[in-house]
Structure formats: structure tokens, C-alpha cells
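Asker: when you get a sec, could you give me coordinates for this:
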Amino acid sequence: MKRKTIYTILTICCAIGFWLFENFYTPDTYSQQTEDGPKTSVASNLMPSSTTGDVVKHSHFMLSYNEPFEQAEWVAYTLKKEHLTHDDRKRPYFIEDPKVRTKSADWRNYKGSGYDRGHLCPAGDRRFTKQAYNETFYTSNISPQNREFNAGVWNELEMQVRMWAKQYGEIFVVTAGVLENGLKEIGDEDVDVPKYYYKIVARGKGDNLKMVAFLMEGKQSSKPLKQFSVPVDEIEKRTGIDFFEKLPKQQQNQLESKVDTGSWKFKF
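Answerer: Below you'll find the predicted structure:
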């Protein structure tokens, strides 16, 4: 009887410990602890505006966090050909972003929701160092995504972007969900589920700057990527973000008002 009591107590303690781990444990930050570590610069002249003023700079990407929606309104990063390695990285925990002043949403909001924790800056784009890879697992870099969409047409777009990085050597990417009123919410912190997601890709400098933009409904589709191409102006109207605010106005008007798929080679 005494042994049975001990087993019962141990079982209860294990159950409580597991529950505490699942609900309260948060691993240490992935942030660079020193200023002398490797970093990836983002072209300052291509950076978008922030509607919130809560801009966060990590070692290998930047973001603007939108607290009411509990996710980033944009994540921006540079992707170079040499970034695309096949280094085997251990998948870390999703953790809150220590640089977001209001705290980014806890990953537990996604549990049982039926939605993927969809990366905005893909982990696959950041395998070149452990630091770069781990940073993509901050919850400020994820958005709720339909599983078929995340693994389907959105994944195709991510693979296409990598192909462009290999082909052109270096590209600039800015991406997120379209945050608007009336969206479905999940979790205790009411993380909004975007109906649409966008991705804008640019390459080149000065008068040779090229850009292409995509707007996708968050569900699986078999359409070719070109059919999701839209002018940057359309995404700006939907989001309230000025994506290339530091470019000369004439150049902005010229580039953002048209769909220029002819300057990009598509596989998907």
C-alpha cells in the first residue's frame, strides 16, 4: 500500500511538472549577446514604413510589430545566394521576442487552433548560422496559416524566392499577413488570422531596381504564381504601409503602379 501511494504521488508530480513545462516554460532568448557577431544588413532605402512605430532589428531580419493583431505587419530581410546552405539545424522552441516592447504572442495561442505557426522569414532561408536560424523561431516572425496553404502555394512562393536569390545573387523581401478589422482570432491573446498574405521582392539598385508583389488568399490553390501578382500599390492600399517610402516619388510611382512579372523568371 505504501509503495502504491508513492507511485501515485510520483505520477501526480510528473503530471504537474509536464503541465507547468507546457504552459509556463520559456527557453532563453536567441538574441545576439554581443555586438561583434555576424549580421545581415537590410537595405535602408528599401525599408517600409511602420504604422505602429514598434520596429525591431534582429541580427538577420527586421520587423514592425502590430500589438492589437499580435503579429508583425511586415518582416523584411535580405536573401543572398550564399545564405542558401543545407546546414542541418536542430529545430528550436518557438519563444516570445524579447525585443518587442509589448511582448509578442505566446506560441501556445496556436495549440489546438488548427492553424500552422507560419514563418514569415522562412527558417529555410536562414540555415547559414545557428543564430540566423534560431531567430526565425521568435513568435514575432510567425502568423496563423491554413496548413494546406502553408505547405502548398505559399511554400512554392518561398521556393521561388530562393531560386531568384540564386539566380540574381541578392534580393530584398518584405512579407506578412494583411492585418485588417474583423479577422478571426485564436488563443487567449486573440491572435488574428489573416485572410490574405503578401510578399514583395526587389532586386537591383538605382534605375535598375526591379520589384514584384504577390497577394494570396490564405487557402491552397493550384494556380501559377504569376496569377497572384499585383501592383505594390494594391498591397499598400490594403495595409496602409508605404513599402518603399525612401525611394524618389517618381520612381515609386513608376515601379509600384504596375505588375512586372516579365523581369522575373518563374518556375511555379
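
Asker: for the stretch 1-150 of the chain, which spans come out with low pLDDT?
Answerer: Counting by pLDDT under 70, the stretch 1-150 of the chain shows low-confidence ranges at 1-37.

Asker: now do the helices in it.
Answerer: Secondary structure of the stretch 1-150 of the chain (DSSP state H, counting those that start in this stretch): helices at 2-24, 130-135, 147-151.

Asker: same question for the stretch 151-268 of the chain.
Answerer: 153-168, 232-239, 249-256.

Asker: of all the ones you listed, which one is nearest residue 131?
Answerer: Proximity to residue 131 (Cβ to Cβ) singles out helix 153-168 among these, at 19.4 Å. For the C-beta atoms, the positions are set from N, CA and C on the backbone; glycine is no exception.

Asker: the closest one - contacts with which helices or strands?
Answerer: strand 71-80, strand 170-177, strand 196-203, strand 210-217 (3 or more Cβ pairs under 8 Å, 6 or more residues apart in numbering; DSSP states H and E).

Asker: in it, what's buried?
Answerer: Buried residues in helix 153-168, defined by neighbour count with 16 or more other Cβ atoms under 10 Å: 153, 154, 157, 158, 160, 161, 162, 164, 165, 168.

Asker: just to revisit the earlier point, mind putting the helices and strands packed on helix 153-168 into JSON lines with distance to residue 96?
Answerer: Converted to JSON lines, the helices and strands packed on helix 153-168 look like this (distance: least, Cβ to Cβ, whole Å):
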{"stretch": "strand 71-80", "distance to residue 96": "12"}
{"stretch": "strand 170-177", "distance to residue 96": "18"}
{"stretch": "strand 196-203", "distance to residue 96": "22"}
{"stretch": "strand 210-217", "distance to residue 96": "27"}
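
Asker: mind putting those strands into a markdown table with mean neighbour count and distance to residue 238?
Answerer: Below are those laid out as a markdown table (neighbours: other Cβ atoms under 10 Å; distance: least, Cβ to Cβ, whole Å):
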| stretch | mean neighbour count | distance to residue 238 |
| --- | --- | --- |
| strand 71-80 | 24 | 11 |
| strand 170-177 | 24 | 11 |
| strand 196-203 | 22 | 7 |
| strand 210-217 | 21 | 7 |
